[in-house]
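In: Quick check, what structure comes out for this input:
(chains A and B)
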Amino acid sequence: MNNMTVSFSPHIRDKITTNRIMIDVLIALFPAFIASVWIFGPRAALITCVCVISCVVFEWVYQKLLKKPVTVNDYSACVTGVLLAYNLPVGIPIWQAIFGCAIAIVLVKQLFGGIGKNFANPALTARVVMFLAFSTTMTTWVQLPDAVSAATPLMLMARGELESLPPLWNMIVGTRGGCLGETSSIALLIGGLYLLIRRVITWHAPVTFIATTFILSAIFGTAPMYHLFGGGLILGAFFMATDYPTTPQTNKGRIIFGIGCGIFTVIIRLYGNYPEGVSFAILFMNMLVPYINKFTLTKPLGGLKK
Amino acid sequence: MKKINGLPVPHFKNTAGYMPEPIPTPSEVRLPMKMHSGKPANPVVKVGDEVKIGQLIAEAVGAVSSPVHASISGKIKAIDTNDIITGQKSMSIVIASDDIQTVYDGITPPTVTNTEEFITAVGDSGVVGLGGAGYPTAPKLTLKEGTNLDYILINGAECEPYITSDTRTMVDQTEYVFQGAQMLKEYLGPKDIIIGIENNKPEAIKKLRALCQGIAGISVHELPSLYPQGERKVLVYNITGRIVPEGARLTDVGCIVVNCTTVAVFAEYIKTGKPLISRCVTVDGSAVKSPKNVIAPIGTPFRELFDFCGGLKDNVKKIIHGGPMMGKAVPNADVPVEKITNAILALSEKDAIPPRVSPCIKCGRCIAKCPVNLMPSYIEEAYELKKLDLLKEYKVNMCLECACCSYLCPAKRPLAQVMTLAKKMLWEAKK
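Out: Model prediction:
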């Protein structure tokens, strides 16, 4: 009885762990995976698997080479892989997808210090890099079953071809042109709801993001419902604008973040050169997070001004 | 008014139904002179002296101090310096039992007719803040001239997991708790005395409510069972709505918080003359064979309490003084029970090993659940960079050390430890 462990209190801990959170996110992304295979065929599953495996391998190799502790078993690389895959068109060449994973894991995540230290969302940064590097393959959308190339609803709206927009029902179920994981709003909403119930995320950023986009596009644009379900808004709001390290830590900050994302999304969509603005908006707001954090310090109960 | 919510930590109140059983008289007790905050007591006996149960063996030194009484009868074996639960050393008086156990014949109820005599009696009883703080009760009840005392809150929240000794005091010594409350009312004259009890102790609430029925100015307040309801600033805020400003005392907002067992102890002393010589201790944890509540003389080594509860399992790996949220891990089972020992826990290897720490993922859980709205993740970063100005701005000095942040952290970061170290860093920089 003389060899007791001595450690600082508390001596009991909550069951929640980083791993469990990542597993919850993967569970929440699963309905959209089913939907993507149903909408775009088995190649959607192939792209997702390639991205997950390469993200994990890149993280493992990087950490082995630099003799750092290997952290692939926290599942965060898997989440990045799935999210990047969901942001790619189903016809993307495999090597380009692997290149994107290298950008996400090595350049954005590990070079800045690994999990929790990156200031920009790895999957989104990789997507934007690929978008600029492989602009043809990254904007070639196909639609099954006949694999004809199809424009995304947002492209149609940007060109003013409102009459050729698919019915709203297709938007919600996901049978439309777009990235492989972003089209099925209903599947993504189920996942988002799961994350809210599990308290992995709070409502603040997604709800303000979606509401701001909806209201501003209703005032300044046309067809706000298509702005809601026609692009990557639902995926971005629930799975990217809630990414812990790259978004504010307080609820007040999350509201500011969500509103900012909404404003930039609408500006880019309505007045920018690109039909879609969710990725750029979130990335831009990621850069502002340190400032948002600074302006949303909590007020300690009973704290006095200096 | 928005209440401080707190965390639904598991209760583990396994021993709530166990009437405390007295343990057999230990062969030897070791009474530290520093069982309270303030100045250590000064021994008034010397080696070789015969002492009886309840006899004064060390007197209080100065205003913030507390006397110590012999908890068993026998011979003073040694006065030496030894380990105490805080990890520090303290001068201690060792009494070897004489196996006869006679009570000191000088034990008589004190005369209490006015406030001054009441406070002297509270001091003489040897009672200190028995919830765990250990601040001597007499100076706490001594009000500065012109203090406007509105509330005395009697703390029966007992929000820490496992511990049920306050529950047992309220259930088994309801009379003393109530009489103590009446004395506080009579001699200190607050507008209201409120006994705050978490709603996972229905029996204590029922018994005290029955006594308070029809008595003006003494009532029972039911609290939700969410940690840390029993923290004094949280208790004041949730019951009275008053916020204790940074750097202020509770009396500055017209409140005093006293633990319920403290109240029962001085009430018993004033009624019978019995000082604080033994107390109810909850013995629990995954490595204890049969968890119980016991009554142990102050100064008994932890080992004897564990032995009385069937002994420890072979896989024991951690011994904790107090509850699992704020209690201290002690290096061995030879340290003595102190006045403030409300529980001792023994945890098996599985529960004892601290979890693996991984990097902060900035999820904000620690910020969302801090009872006083601090930002532990920011403070940790500022502490690691040794940024004193940021620590000051983030008000780490206001941390209650309740450890909710560490409890919740998915990356298992030792946030509460960092907060305590950061406080110390700031305090040392000020000197």
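
In: From now on I want contacts and neighbour counts done on CA atoms only, so please keep to that.
Out: OK.

In: Helices of chain B, residue ranges please.
Out: Along chain B, the segments classed as helices by DSSP state H run B:115-124, B:137-141, B:165-172, B:174-188, B:202-212, B:232-240, B:260-272, B:302-308, B:349-352, B:365-369, B:376-384, B:388-393, B:404-408, B:415-430.

In: From the contact counts, what lies against the second one?
Out: This means helix B:137-141. helix B:115-124 (3 or more CA pairs under 8 Å, 6 or more residues apart in numbering or on different chains; DSSP states H and E).

In: now for the helix it packs on, which elements pack on it?
Out: So helix B:115-124, by 3+ CA pairs under 8 Å, 6+ apart, packs with helix B:137-141, helix B:174-188, helix B:260-272.

In: picking up where we left off before, may I see the helices of chain B organised as TSV, with mean neighbour count and mean pLDDT added?
Out: Output for the helices of chain B, formatted as TSV (neighbours: other CA atoms under 10 Å in any protein chain shown; pLDDT from 0 to 100):
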stretch	mean neighbour count	mean pLDDT
helix B:115-124	20	94
helix B:137-141	21	94
helix B:165-172	25	94
helix B:174-188	20	94
helix B:202-212	17	94
helix B:232-240	21	94
helix B:260-272	25	95
helix B:302-308	20	95
helix B:349-352	18	89
helix B:365-369	21	94
helix B:376-384	20	95
helix B:388-393	16	93
helix B:404-408	26	96
helix B:415-430	17	93
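
In: What parts of chain A come near chain B?
Out: A:1-18, A:115-117, A:244-245, A:249-250, A:297-304 (CA under 8 Å from any CA of the partner chain).

In: ok so, going back, export the helices and strands packed on helix B:115-124 to JSON lines and tack on distance to A:Val90?
Out: Below are the helices and strands packed on helix B:115-124 laid out as JSON lines (distance: least, CA to CA, whole Å):
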{"stretch": "helix B:137-141", "distance to A:Val90": "72"}
{"stretch": "helix B:174-188", "distance to A:Val90": "72"}
{"stretch": "helix B:260-272", "distance to A:Val90": "68"}
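
In: Tell me which of these lies nearest to B:Ala157.
Out: Closest approach to B:Ala157 among the helices and strands packed on helix B:115-124 is made by helix B:260-272 (9.0 Å; CA to CA).

In: isn't A:Ser217 right up against A:Val266?
Out: Yes - contact criterion CA atoms under 8 Å: A:Ser217 and A:Val266 qualify, at 6.3 Å.

In: At the geometric centre of the chain, which residue sits there?
Out: I went with chain A, as the question did not name one. Closest to where the C-alpha atoms of chain A average out (CA atoms, centre = their mean) is A:Met240, at 3.0 Å.

In: should've been chain B
Out: Centroid-nearest residue in chain B, with CA atoms, centre = their mean: B:Gly132, separated by 1.8 Å.

In: List the contacts of that residue.
Out: B:Gly322, B:Ile340, B:Thr341, B:Asn342 (CA atoms under 8 Å, 6 or more residues apart in numbering or on different chains).

In: tell me the contacts of the residue lying closest to the first one once chain neighbours are set aside?
Out: The shortest distance from B:Gly322 to any residue other than its chain neighbours is 4.8 Å, reached at B:Ala343 (CA to CA, 6 or more residues apart in numbering or on different chains). B:Ala343 makes contacts with B:Ile163, B:Ser165, B:Val281, B:Thr282, B:Val283, B:Asp284, B:His321, B:Gly322, B:Gly323, as judged by CA under 8 Å, 6+ apart.

In: Then B:Val122?
Out: So B:Val122 contacts B:Thr137, B:Ala138, B:Phe266, B:Tyr269, B:Ile270 (CA under 8 Å, 6+ apart).

In: Repeat that for A:Ala151.
Out: A:Trp141, A:Gly177, A:Gly178.

In: Show the pLDDT at the last one.
Out: Okay, so that is A:Gly178. As summarised for this prediction, A:Gly178 has a pLDDT of 88.

In: so how far is chain B from it?
Out: Distance of A:Gly178 to chain B, computed by CA to the nearest CA, to the nearest Å: 30 Å.

In: Next: A:Tyr86.
Out: 23 Å.

In: Quick check on the closest residue to that residue other than its chain neighbours: phi, psi?
Out: In space, A:Tyr86 comes closest to A:Gly181 once its chain neighbours are excluded; the distance is 3.9 Å by CA to CA, 6+ apart. When read as degrees, to the nearest 10, the backbone of A:Gly181 gives phi -110, psi 0.
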